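> This is a predicted model, with the sequence first.
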Amino acid sequence: MFKKNQTLGEFIIENQTSFKYSSGELSSLLNSIRLAAKVVNHEVNKAGLVDIIGSAGEFNIQGENQQKLDVYANEKFIQTLTNRNIVCGIASEEEDDFISINSNDENHQNKYIVLIDPLDGSSNIDVNVSVGTIFSIYRRVTPVGTPVTLEDFLQKGSQQVAAGYVVYGTSTMLVYTTGDGVNGFTLNPAIGTFYLSHPNMQFPEDGTIYSVNEGNYIHFPQGIKNYIKYCQKEEEDRPYTSRYIGSLVSDFHRNMIKGGIYLYPKSSLNAEGKLRLLYECNPMAFIAEQANGKASDGFTRILDIKPTELHQRVPFVCGSKNMVEKCEEFMRNA
């Protein structure tokens with residue numbers, strides 16, 4: 001039962017019993033993410049008024065130019081999660097290696113790890129385009145009370161216990177799932193509270209939007225080229241509308257509400273794909289499946305891929321179920 005004007009905090013508490021590991025820890029963890037998101041949102045909304053936009057002059061582990069807000073968001077999420085003593089490990093897209101929390105304290109009983117993309121689409125911040133945060137939560141697989149290891153982070157996406165994203169746009173929304181559907185909460189900036197605004201979010205089975213960087217068309221695999229031509233073909237239900245923001249959170253969010261497909265395939269420029277499996281694809285795939293959508297690398301379900309590296313990249317096709325299946329058909333027959 002969804003309640004009008006229910007706050008995110010109230011929703012988390014009332015629904016924690018539906019979570020099979022219910023102990024209050026996950027609720028505290030989600031509340032920490034909520035707090036960090038509000039802090040980052042405040043800074044994002046000051047961009048242009050303070051010296052927070054532009055390059056930080058450093059590069060992350062992927063060799064990408066870090067923006068000042070990348071660094072800020074990364075620090076705030078790590079700081080908030082660490083200070084609340086809820087997690088035993090954190091991995092960030094902006095960090096070379098994972099961070100072990102309380103690794104020298106034999107008495108710590110924290111069971112959860114968080115993987116996070118602190119500011120997805122940050123290159124758009126200078127031009128006032130929506131950006132976001134993506135997070136993924138797992139239970140550790142190594143013994144509680146010991147330092148986390150790489151094994152704790154290299155779990156299949158199907159092992160996620162929660163995942164979500166925050167979109168910092170015309171309004172700020174936090175969308176998440178614990179494996180029991182997807183719900184969206186909109187921030188009331190006047191009082192700093194998230195309210196349930198989008199209960200039980202679902203992808204339409206079909207859509208009319210395709211989201212892909214068509215500037216890279218010449219570099220795409222033949223199956224993706226054929227699918228794009230299919231989307232553009234003049235038929236009774238087509239051509240589809242091309243919409244590409246360049247921020248995964250924003251494109252995904254729009255497609256979930258309106259119906260559509262997001263494509264970031266491998267290419268001759270990025271042989272393994274561009275998006276990170278652990279920080280972007282797994283959490284978005286979990287949300288998609290919980291919202292009646294689908295996510296794959298063009299052939300294999302994203303959540304079934306066994307990670308081998310912390311910053312592993314994969315091709316990504318995600319969105320309305322029938323559209324993803326049609327794309328997979330083109331990939332198989334190419």
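Alright, I've got the coordinates. Numbering: from 1, shown residues only.

> C-alpha only now, for contacts and for neighbours.
Noted.

> and Glu10, how many residues sit next to it?
12 (other Cα atoms under 10 Å).

> Over to Glu234?
Glu234, neighbours per other Cα under 10 Å, totals 11.

> cool, Thr7 as well?
The burial count for Thr7: 17, using other Cα under 10 Å.

> element containing the residue lying closest to it once chain neighbours are set aside, please.
The shortest distance from Thr7 to any non-neighbouring residue, by Cα to Cα, 6 or more residues apart in numbering, is to Tyr195 (4.3 Å). Tyr195 belongs to strand 193-198 when assigned by DSSP states H and E.

> so what strands line up beside the helix or strand following that strand?
Following strand 193-198 in sequence order, the next helix or strand is strand 209-211 (DSSP H and E). Strand partners for strand 209-211, identified by DSSP bridges, are recorded as strand 241-242 (parallel), strand 260-264 (parallel).

> so of these, which one's packed in deepest?
Mean neighbour count, computed with mean count of other Cα atoms under 10 Å, is highest for strand 260-264 among the strands paired with strand 209-211, reaching a mean of 27.

> residues making contact with that one?
With contact meaning Cα atoms under 8 Å, 6 or more residues apart in numbering, strand 260-264 is reached by 206-213, 251-252, 255, 273-275, 315-320, 323-324.

> I'd like the next helix or strand past that strand.
Next element after strand 260-264 (DSSP H and E): strand 275-276.

> So the residue nearest to Thr7 is in contact with Phe11, correct?
No. Applying Cα atoms under 8 Å, one finds Tyr195 not in contact with Phe11, separated by 9.0 Å.

> Neighbour count for these two, which is higher?
Higher neighbour count among Tyr195 and Phe11: Tyr195, with 21 against 17, using other Cα under 10 Å.

> what pairs with the more buried one across the strands?
Per DSSP bridges, the residues bridged to Tyr195 are Thr7, Thr186.

> what mean pLDDT does the helix or strand where Ser250 lies have?
Using DSSP H and E, Ser250 sits in helix 248-258. Helix 248-258 comes out with an average pLDDT of 97.

> Which parts of the stretch 101-250 of the chain are helices?
Secondary structure of the stretch 101-250 of the chain by DSSP state H, counting those that start in this stretch: the helices cover 150-153, 222-232, 248-258.

> Packing partners of the second one?
Here helix 222-232 is seen to pack against helix 321-333 when contacts are counted using 3 or more Cα pairs under 8 Å, 6 or more residues apart in numbering; DSSP states H and E.

> Tell me the buried residues in the helix it packs on?
321-325, 327-328, 330-331 (16 or more other Cα atoms under 10 Å).

> Run the chain-centre distance for that helix.
Averaging C-alpha positions (Cα atoms, centre = their mean, to the nearest Å) puts helix 321-333 22 Å from its chain's average.

> Wait, Ser92 touches Asp120, no?
No. Counting by Cα under 8 Å, Ser92 does not reach Asp120; the two are 11.6 Å apart.

> Between these two, which is the more surrounded one?
Between Ser92 and Asp120, counted using other Cα under 10 Å, Asp120 has the larger neighbour count: 26 against 22.

> Could you list everything the more buried one pairs with in the sheet?
In this structure, Asp120 bridges to Gly132 when assessed by DSSP bridges.

> wait, doesn't it sit right on Val249?
Yes. Contact status for Asp120 versus Val249: in contact at 7.0 Å, counting by Cα under 8 Å.
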